[in-house]
Structure formats: C-alpha cells, structure tokens
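1. Next input, structure requested:
(one chain, ligands or ions: 2)
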Amino acid sequence: MTIGTLTDLDLTGKTVLLRVDFNSPIDPASGEILDDKRFREHLPTVRALEDAKVVVLAHQSRPGKKDFTPLRGHAERLEHLLGRPVSYIDDIFGRAARNAVSSMRPGEVLMLENVRFNAEENLTLNPEAAKSTHICRMLSSMGDIFVNDAFGTAHRSQPTVVGLPMLMRSAAGLLMEREVSTLSRVFTGAPRPVTFVLGGTKVDDSVAVAENVLEKGIADRVIVIGVVANVFLMAEGHDIGRPSTDLIGQLKYTGEIERAKSLLSRFEGRVVLPDQVAVREGDGRMEYAVDSIPAEFPVMDIGSEALRRVNEAIRSSGTVVLNGPAGVFEDPAFAMGTHEILRASSKVPFSVVGGGHTAAVIEKMGLESAFTHISTGGGACIEFLTGKKLPAVAALERSKEIYG
Ligand SMILES: Nc1ncnc2c1ncn2[C@@H]1O[C@H](COP(=O)(O)OP(=O)(O)OP(=O)(O)O)[C@@H](O)[C@H]1O
Ligand SMILES: O=C(O)[C@H](O)COP(=O)(O)O
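-> Residues are numbered from 1 along each chain as shown. Ligands and ions are numbered 1, 2, ... in the order given. Just a heads-up that it's a prediction; the model follows:
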C-alpha cells in the first residue's frame, strides 16, 4: 500500500487528529442515532490510538438538511460503545477547542463539533486549495499527526479530507486500510468467476460500475436487479408498465437506457437480467414474465423463478460484489428477492457488499458475519468500484511522499 498506516507511526503521547465518518441515520424528532454501524466499525482505530491524545473530527449530514446536528449525541454514543470517557466540545478550532486540546492527556478522547458547521468544510477543493483554508491551517496547528479513517467520506474532496494530509504527517486508520485493501482485492486476485450484482435505485452509479468492471475484465458477469434491472429491461425493449417507467423518468434516469443498451450489445451474455418480475396487483404479489408485465402495476421485486436462476449463477461464483436491493424490501411481500439473493451471496468464498440500505438489511437478517466485507461507504464504495481514485486516498499517498 502506498499510503501510511498506523504501524508506520510512533503515536505515544502524540496529539492525533482522527477523521471519522459517523454520519448516521438520525430520528429528526428525538435526535436519536438510529444505526451505529459506522461507530462500531471505527472502534478498532480509536482503541489502537490509546497511547495518544485523540481529537475526533467528524460530520453529520449537510447544511440545509434536517439531520444536520451537533455532535454531542455522537460523542455519547462513542463513549458508550468504546467503554471509555469521550468528552465533547461545541467548537471546532476556536479558543475553547484549542484550550480543550492543549489540556488533554494521553489516553483521552475529545470530539470536536460537526466540522461541516464551518462553511469552508462544505467546499469541494483540490488538496492545494484545501490546505490554505482557515479550517485546515487552524486544525493542523492543534495536532501532531492526522489519521484518516473516514472511508465513507473518501470520495469528497473537502478540506479536512484532502487538506490536512498536505499539512501533517498522515496515515490511514484501520477501517480505511481494510476498506481500501479489501475493495482493491476485487480488482486483482479475487476468486473467479467474479459476479457483480447491482440493484437499488442509483442507476447512473450502477451503470458506471458495470462499464468499468466489464470493460476492464474485472467481472465475468453483471447481474442487474431492482430499479437498475428495470432500466436494462427497457434497454432490451420490454414494456415494464407505466408506474415503473414513470419512476425512471422521475429519478431522471431515462438517459441511462442508451448506456444500458450499449453494455448489452458490447458484452452479450455477460449482463444478466431477470426474465420474470413480481408486481403489486391490488394488495398482493403477482408474477409475470418480462414480456407480459401489465401496464398498470409497479414492478416491486424479482420473480421467484428468475430468482432461482440468478441464485444459481451467484452460487457458482468465487466472488460476489453486491450493491443495492432487488426490490422494495421494506414491504414484506416484496422482500423475498433481496433476502434470498443476500443469503446466496453470503455463501460464496469472497463476498463484498456496499450500500447503506443493503447493509441494514443484512444486519436485520443477522448475516453480517457471513460476508467477507460489508463496506461502510455508500458513494465512496461505488466510486471506488467505478475505478476512480478516491480523493482521500490520493491525498494520503501524497502525504506519504511529502512527510514519509
Ligand atoms: N423495483 C423497485 N422499485 C422501486 N424501488 C425499488 C425497487 N427495487 C428497489 N427499490 C428501492 O431501492 C431502495 C434502496 O436503493 P439504494 O440504491 O438507495 O440502496 P443502497 O445503495 O443499499 O443504499 P444507500 O443509498 O443508503 O447507500 C430501497 O428503498 C428499495 O425500496
Ligand atoms: O454518508 C456518506 O456518504 C458520507 O458521510 C458522505 O456524506 P455526503 O454524501 O453528505 O458528503
């Protein structure tokens, strides 16, 4: 790996600025954190820094959103999960924060305020511009070393992500290291055949992933499910019914149909579509072949016969990379496809999952430990799989060149 890791550093007694991604679903009424998976995934890094003074930098949501909250509750949740005191200060780099940091002792953990409360942090800047921001200049003067563990934010070229590594000796945290090395294994040395299963609603991202992995020979086949499958079915000339066609228009994915067509013709036989779907008809589930989907009912899940065929392909794979559900799993009548595809995927030798919704379903099913890797990244994981270098990773590489 060309990025620094924790083992490269002597951290004893040092003040470490630790960037994490605790951005989580929050109940807007009570402010309660509804899912703390990201907190749990960062714990090994926080524990590995026990001889240092740990200053935690984190964000929650974005300006203008209902869940753009202060981080007191995040500090309390970290304290609870860590089993050690975590203090919190409602300041990022003002006098109060600076005094709190300078009075820390090794072993202590202090969480600063939501870094996106500072307007500069919400800018997209290249590393050179980011390093001149006030937030980066001030924060870098408050610590000795920068550790970036925020894989979920690694696709954002924002000041604390790409500017701090230009100003300080830096390293990846244990979660960042694990995410990058495991996801990189998908590209080289993954057991074959390699199957990508792309579902959910983010059609543009999924088409970009499919293009990358098919063009580069990373995937032997791509199975499409969910709304992604609906776009490919349209590309194949099927009428998927009015409600599902309208949804693709509303999501502004009509332009993706041409890209899907091109993939189908360039990679004939390697893009697998469901040949049968389940629709909501009245209150119930009805299944139809894809050439006879009724005009008035929405497609809600993969059909059970198509599911059997898809799962055979999954079971015969050495690697499965899965992102996004097969249907509207929130409704129990249409959860079967998502559940059964996840169950089959969990049994292959190398299984990697991305996507917040998908990870939450896996946790509910109690299948977490059956997968090789469940990424904490939504957008970051997808962008990685499209073959782009993530800004956070590029910045850590550059930092290693500058500071060793
Ligand atoms: N055929 C379908 N019609 C409409 N919605 C669908 C269909 N199939 C799946 N969905 C919806 O897709 C949503 C999840 O898709 P999304 O792409 O957001 O998943 P993810 O990548 O796992 O999650 P995240 O965006 O949190 O990282 C679910 O709410 C589900 O109801
Ligand atoms: O959840 C995420 O994808 C990260 O925390 C980044 O959040 P953002 O999409 O608001 O930049």
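2. what comes up buried for the helix or strand hosting Ala129?
-> Taking DSSP states H and E as the criterion, Ala129 maps to helix 127-131. Judged by neighbour count using 16 or more other CB atoms under 10 Å, the buried positions of helix 127-131 are Pro127, Ala129, Ala130, Lys131. In short, each C-beta sits where N, CA and C put it, glycine included.
3. repeat for stretch 319-332
-> Those would be Thr319, Val320, Val321, Leu322, Asn323, Gly324, Pro325, Ala326, Gly327, Val328, Phe329, for stretch 319-332 by 16+ other CB under 10 Å.
4. what sits against the last one?
-> Residues counted as contacts of Phe329 (CB atoms under 8 Å, 6 or more residues apart in numbering) are Ala335, Gly337, Thr338, His339, Val361.
5. Ligand 1 next: which of the buried residues of stretch 319-332 are close?
-> Asn323, Gly324, Pro325, Gly327, Val328 (CB under 6 Å from any ligand atom).
6. Just send those residues back as CSV, with distance to His74, secondary structure and pLDDT too.
-> Rendered in CSV, the data for those read as follows (distance: CB to CB, whole Å; DSSP: H, G, I helix; E, B strand; the rest coil; pLDDT from 0 to 100):
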residue, distance to His74, secondary structure, pLDDT
Asn323, 26, strand, 96
Gly324, 27, coil, 96
Pro325, 27, coil, 97
Gly327, 33, coil, 98
Val328, 31, coil, 98
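7. distance of the residue lying closest to Leu247 once chain neighbours are set aside from Glu296?
-> Of all residues not flanking Leu247 in the chain, Val227 sits nearest, at 6.9 Å (CB to CB, 6 or more residues apart in numbering). According to CB to CB, to the nearest Å, Val227 and Glu296 sit 18 Å apart.
8. Over to Glu79?
-> In terms of CB to CB, Glu79 sits 53 Å off from Glu296.
9. Give me the more crowded residue out of those two.
-> Neighbour totals were compared for Glu79 and Glu296, and Glu79 leads with 16 against 10 (other CB atoms under 10 Å).
10. pretty sure the more buried one contacts Arg72?
-> No. At 10.7 Å, Glu79 and Arg72 do not qualify as touching, with contact defined as CB atoms under 8 Å.
11. Might you list the low-confidence residue ranges for the stretch 1-150 of the chain?
-> Across the stretch 1-150 of the chain, the ranges flagged by pLDDT under 70 are 1.
12. Quick check: the residue of it nearest ligand 1.
-> Pro25 (8.8 Å; CB to the nearest ligand atom).
13. interface residues of this structure facing ligand 2?
-> Close to ligand 2, as judged by CB under 6 Å from any ligand atom, the chain has residues Asp21, Asn23, Arg62, Gly152, Thr153, Arg156, Gly378, Gly379.
14. how's this structure carved up into domains?
-> Listed domain ranges for the chain are 6-173+389-403, 192-348 (source: automatic domain parsing).
15. For those, give me TSV that also has distance to Val180.
-> What follows is those, written out as TSV (distance: least, CB to CB, whole Å):
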stretch	distance to Val180
domain 6-173+389-403	6
domain 192-348	15
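16. Of those, which is nearest Glu179?
-> Counting by CB to CB, Glu179 lies closest to domain 6-173+389-403 out of the domains of the chain; the figure is 4.1 Å.
17. Need the distance between the two termini of that closest one.
-> 14 Å (CA to CA, to the nearest Å).
18. Please apply the same query to stretch 12-20.
-> Rule used - CA to CA; the end-to-end distance of stretch 12-20 is 20 Å.
19. sorry, back to before: possible to save the residues of the chain next to ligand 2 as JSON lines with secondary structure, neighbour count and distance to ligand 1?
-> Formatted as JSON lines, the residues of the chain next to ligand 2 follow (DSSP: H, G, I helix; E, B strand; the rest coil; neighbours: other CB atoms under 10 Å; distance: CB to the nearest ligand atom, whole Å):
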{"residue": "Asp21", "secondary structure": "coil", "neighbour count": "26", "distance to ligand 1": "13"}
{"residue": "Asn23", "secondary structure": "coil", "neighbour count": "22", "distance to ligand 1": "11"}
{"residue": "Arg62", "secondary structure": "coil", "neighbour count": "11", "distance to ligand 1": "15"}
{"residue": "Gly152", "secondary structure": "helix", "neighbour count": "28", "distance to ligand 1": "10"}
{"residue": "Thr153", "secondary structure": "helix", "neighbour count": "24", "distance to ligand 1": "13"}
{"residue": "Arg156", "secondary structure": "coil", "neighbour count": "22", "distance to ligand 1": "15"}
{"residue": "Gly378", "secondary structure": "coil", "neighbour count": "20", "distance to ligand 1": "3"}
{"residue": "Gly379", "secondary structure": "helix", "neighbour count": "18", "distance to ligand 1": "7"}
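20. nearest to Ala394, of these?
-> Of the residues of the chain next to ligand 2, the one sitting nearest to Ala394 (CB to CB) turns out to be Arg156, at 12.2 Å.
21. Nothing else from me, thank you.
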